[in-house]
Structures are given as C-alpha cells and as structure tokens.
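**Student:** Build me a model from this:
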Amino acid sequence: MSAIQTGTEACIDEIVAIRRDIHRHPEIGRSEVRTSALIREKLAEYGVDRIEQPVPTAVVALIQGTAGPGKCVALRADIDALPVSEDSGLPFASETPGMMHACGHDMHASMLLGVAKVLCGMRDRFRGTVKLIFQHSEDTLPGGAKELVEKGVLENPHVDAIYAIHMLPDQERVGKIGMRAGAVTTSVDLYDVTVTGRGGHGSEPQKTDDPILAACQMIVDMQQIVARRIDPLETGILSIGSIHSGDAPNVIPGEVKFGGVSRAFSEEVRETIRRQMFAIGKGMESISGCKVDIYHYHGYPAAYNDADLVDCAKRAVADELGDDAIVELERPMGFSEDFAYFYQMTGTPSAYFMLFGGQGGEELYPLHSPKLVLREEAMPYGIRAMAGIAVEYLNR
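**Tutor:** Okay, here's the model as predicted:
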C-alpha cells in the first residue's frame with residue numbers, strides 16, 4: 001500500500017464530512033466567504049507551510065517537500081456554487097434557497113483539502129513545492145482564474161506546471177480518470193443582439209422597418225457562419241438560445257432582442273465567428289432600415305492539455321490506482337472552463353482531467369442539474385490521483 005493510499009484512507013471520512021458541509025452551505029462566485037474560511041481553517045490544521053488570500057474568497061497554500069529543492073507544481077480546485085435550486089433529495093442538500101453545488105465544486109474543494117492533508121504527512125517523499133489553489137468564481141464570468149493570474153498566483157514561487165480535475169457524472173464508471181492530450185474544452189462567447197426598427201400595424205408593413213424580419217434573417221444568416229466560413233475539419237458552434245419581441249399578433253413591434261453562444265477549439269475559429277456576427281449585423285442595417293446593436297461578451301478560451309503533463313499523470317495514476325483507472329477520452333468536452341486562462345495568459349503547461357463520479361440516483365443527471373447526485377466513493381480516487389500526480393511531477 002502506498003503512502004498516498006494510506007494517508008487517503010486515514011482522512012477520507014473527514015474529507016467526506018467536509019464535502020457535505022460545503023454542499024449544505026453553497027456560495028456563488030465571489031461570495032464564497034464561509035467556504036474559503038473553512039478551507040483556511042483546515043489548511044492551518046493540516047500544517048501547510050503558507051496560506052495566502054490573493055483575493056477575498058480564494059485561498060492559496062504551499063507545501064514544501066523536504067527531499068530537496070525542485071520545481072513547483074500547482075493543483076487547482078474551484079469552490080463556487082451555482083444559482084440553482086436543489087432537488088436532489090440528499091440528506092445534506094443545500095440549506096440556501098436558490099443555490100446549489102450542481103457542478104461538483106464541493107467535491108473538488110474537499111478533495112484538494114484531502115490532498116493537502118496527505119502531502120503534509122509525507123513531505124519527506126517529494127522535493128520541490130506543491131501550490132494548492134482554491135479558486136473562486138469559476139462558474140461566474142469573467143471567472144476567478146483570470147483574476148488570480150493577474151494577481152500573480154503562478155509566481156512566488158513560480159509555477160512550472162498546473163493540474164486540475166473535474167467531476168463528471170457517469171452511469172457505470174466511478175473513480176476512473178478521463179484523460180487526453182490537446183484540446184479538452186471549448187471556448188465560450190456570448191452575444192446579446194438588439195434590433196431596433198419602426199413598428200406599426202400589421203396591415204401596413206410598408207410603413208414600418210420590421211425588426212422581426214431583420215432579426216429572423218440575421219439568425220438564418222448566422223447559421224451559415226459555421227457552414228460556409230469555418231473549415232469543415234474544424235469545430236465551430238453557434239447557437240441562438242433566446243428571442244423576444246412583441247405582444248400582439250397584428251402589431252409589428254419596434255424592437256427585437258435575441259441572444260446566443262459560440263464555442264470553438266481554436267482562437268482562429270473563435271475570431272471568425274465574432275467577425276462574421278458583426279458583419280451580418282452591419283449588412284442587415286443597410287438593407288432593413290433597422291439599427292443593430294451587438295454586445296459581445298468575451299468568455300473563456302479553450303483549454304489545452306500539455307502532452308508531457310498528460311504522460312506524467314498517466315504514469316502516476318497507473319502506479320497509484322492501476323492501469324484500468326485511466327480512461328482515454330476520445331473527444332474533448334463540449335463545455336468551457338476558466339482553467340484555460342492559466343495557460344493562455346502565462347504559457348504555463350497545464351492539464352485538466354475528468355473524474356467519473358458515477359450515478360447517485362435512479363437516473364443520470366448532467367452537471368448543473370438540480371437533481372445531480374455524484375457518488376462520494378469517487379473521492380478517494382480523486383485525492384490519490386492528484387496527490388500522486390504532484391509527487392510524480394516533482395520527483396521525475
């Protein structure tokens with residue numbers, strides 16, 4: 001039995017209790033006051049070498065190995081909840097109306113505390129430094145990662161590599177680690193469009209500048225961006241998710257609002273979509289007589305896994321959990337993650353993995369669902385994987 005497994009088994013009951021406490025008291029981005037205070041309390045109890053608060057609700061801790069000098073590896077966990085009303089039926093369900101840990105961040109935070117306790121008990125087994133980053137506001141744009149990078153979280157000491165792990169519900173696999181090199185999540189950009197025209201009676205359309213017709217034509221044209229402006233071998237997604245206008249069927253309104261989201265793996269595709277969105281808006285103004293205002297919210301970039309870091313992690317997970325614990329992900333995830341900023345803003349090699357959390361109820365519900373239930377049996381595997389990866393990276 002490895003030292004990491006021994007340490008994990010010794011602390012897992014405490015870590016599960018911490019997870020349930022965090023789950024009962026969810027806090028959304030930049031409001032994680034109670035959560036971050038609990039994290040600081042536990043880190044101090046476990047004996048980390050340094051605790052910092054670069055922003056009010058994020059926590060950073062250092063654990064120094066005593067086997068000699070070496071590099072610095074960072075492990076990141078997001079700690080914020082979502083504005084979701086929980087309907088999971090769990091005995092430790094959210095006690096805060098309208099808020100829920102529906103994305104597994106309660107498990108991320110508590111597992112990283114488990115890693116802290118395990119590594120503090122085996123400092124003589126590794127050299128260099130482990131930096132633990134408990135990050136605020138992952139699910140609330142513009143994201144806490146960008147802010148932490150701007151505050152210098154990857155310096156003092158300089159971080160040579162950064163890893164993160166995310167829970168993922170699954171019908172069968174519990175405790176398996178999903179890995180792949182290259183693109184692992186998409187970018188995300190949001191668009192809010194307002195088309196302002198001249199309304200009037202539906203019987204006299206010639207006296208109006210119809211914003212509904214203009215908006216509908218824009219939406220159709222926007223669907224051609226991916227079809228005709230993006231290389232078919234690349235990935236681009238543009239989805240219109242809302243449209244609002246008018247109150248009566250016989251009245252042409254004066255305004256239409258609609259909104260959508262785009263996703264991509266490459267910055268080139270991302271920029272092509274943005275540029276074409278604005279070109280369509282400008283063109284529609286010239287032919288419709290309407291005014292088109294497009295608000296573009298520049299969201300998270302795509303995350304990329306460094307191949308060398310993935311290989312290092314595979315060795316660590318295979319040694320700690322066995323070869324069958326590794327699941328090769330055939331394709332990237334379709335969602336977005338602000339973890340991508342750690343690489344994009346600094347060039348720091350990064351890797352982001354999925355921890356399969358099983359199915360806690362009779363049905364499988366996705367992340368962000370009010371009925372999401374993840375199995376706590378997965379947590380020891382997450383602790384052992386992350387601790388093993390840190391030690392493997394520092395000692396190689």
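
**Student:** tell me what the helix or strand harbouring A145 is packed against?
**Tutor:** Counting by DSSP states H and E, the element that carries A145 is helix 144-150. With contacts taken as 3 or more C-beta pairs under 8 Å, 6 or more residues apart in numbering; DSSP states H and E, helix 144-150 sits against strand 129-135, helix 340-344. No exception for glycine: its C-beta is placed from N, CA and C like everyone else's.

**Student:** if I look at the residue nearest in space to the middle of the chain, how far off is L367?
**Tutor:** Centroid-nearest residue in the chain: E337, 3.1 Å away (criterion: C-alpha atoms, centre = their mean). Going from E337 to L367 by C-beta to C-beta, to the nearest Å gives 11 Å.

**Student:** ok, now A215?
**Tutor:** 31 Å.

**Student:** quick one, strands of the stretch 151-300 of the chain?
**Tutor:** Along the stretch 151-300 of the chain, counting by DSSP state E, counting those that start in this stretch, strands occupy 161-168, 174-179, 182-183, 189-196, 200-201, 236-244, 251-252, 255-264, 291-298.

**Student:** winner for burial among those?
**Tutor:** Ranked by mean neighbour count under mean count of other C-beta atoms under 10 Å, those are led by strand 161-168, which reaches a mean of 25.

**Student:** So in that sheet, which strands flank it, and in what orientation?
**Tutor:** Paired neighbours of strand 161-168 in the sheet (DSSP bridges): strand 72-78 (parallel), strand 350-357 (parallel).

**Student:** Any idea what A161 is bridged to?
**Tutor:** Applying DSSP bridges, one finds that A161 bridges with V73.

**Student:** That one contacts A74, doesn't it?
**Tutor:** Yes. The criterion here is C-beta atoms under 8 Å, and A161 meets it with A74 at 7.2 Å.

**Student:** follow-up on the earlier one: neighbour count for A215 and L367, which is higher?
**Tutor:** Neighbour tally, A215 and L367, criterion other C-beta atoms under 10 Å: the higher count belongs to A215, 26 against 17.

**Student:** Spit out the contact partners of that one.
**Tutor:** A215 is in contact with 193, 195, 243, 245, 256, 258, counting by C-beta atoms under 8 Å, 6 or more residues apart in numbering.

**Student:** and with 6 Å instead?
**Tutor:** 195, 256, 258 (C-beta atoms under 6 Å, 6 or more residues apart in numbering).

**Student:** and which of these is nearest T8?
**Tutor:** Set against T8, the nearest of the contacts of A215 by C-beta to C-beta is F258 (49.6 Å).

**Student:** so what's the closest one closest to, chain neighbours aside?
**Tutor:** Nearest in space to F258, with sequence neighbours left out and distances taken as C-beta to C-beta, 6 or more residues apart in numbering, is I243 at 4.0 Å.

**Student:** Looking at the residue nearest to A81 when sequence neighbours are not counted now. What's its pLDDT?
**Tutor:** With C-beta to C-beta, 6+ apart as the criterion, A81 has its nearest non-adjacent residue at 3.2 Å, and that residue is P26. On pLDDT, P26 comes in at 98.

**Student:** Check G358 too.
**Tutor:** G358 is assigned 94 on the pLDDT scale.

**Student:** likewise A307?
**Tutor:** At A307, pLDDT is 98.

**Student:** which residues touch the nearest residue to it once chain neighbours are set aside?
**Tutor:** Among residues not flanking A307 along the chain, A181 sits closest, at 4.1 Å (C-beta to C-beta, 6+ apart). Taking C-beta under 6 Å, 6+ apart, we find A181 in contact with 305, 307, 310.

**Student:** How many residues are close by the second one?
**Tutor:** Taking other C-beta under 10 Å as the criterion, the count of residues near A307 is 13.

**Student:** who's in contact with the helix holding A145?
**Tutor:** Residues from elsewhere that reach helix 144-150, judged by C-beta under 6 Å, 6+ apart: 54, 135-137, 338-339, 341-342, 345.

**Student:** now swap in stretch 333-340 and tell me
**Tutor:** Taking C-beta under 6 Å, 6+ apart as the rule, stretch 333-340 contacts 138, 143, 145, 164, 185-186, 188, 300-301, 303, 352.

**Student:** That one: end-to-end distance?
**Tutor:** For stretch 333-340, the first and last residues are 13 Å from each other (C-alpha to C-alpha, to the nearest Å).

**Student:** just stretch 361-376 next, same as before
**Tutor:** Using C-alpha to C-alpha, the end-to-end distance of stretch 361-376 comes out at 12 Å.

**Student:** Average pLDDT for that stretch, rounded please.
**Tutor:** Across stretch 361-376, pLDDT averages out at 95.

**Student:** Quick check: the nearest residue to V373 once chain neighbours are set aside vs G89, distance?
**Tutor:** Among residues not flanking V373 along the chain, G360 sits closest, at 2.8 Å (C-beta to C-beta, 6+ apart). Counting by C-beta to C-beta, the gap from G360 to G89 is 9 Å.

**Student:** Name the residues that touch stretch 258-270?
**Tutor:** Stretch 258-270 is contacted by residues 183, 186-193, 215, 230, 234-243, 273, 302 when judged by C-beta under 6 Å, 6+ apart.
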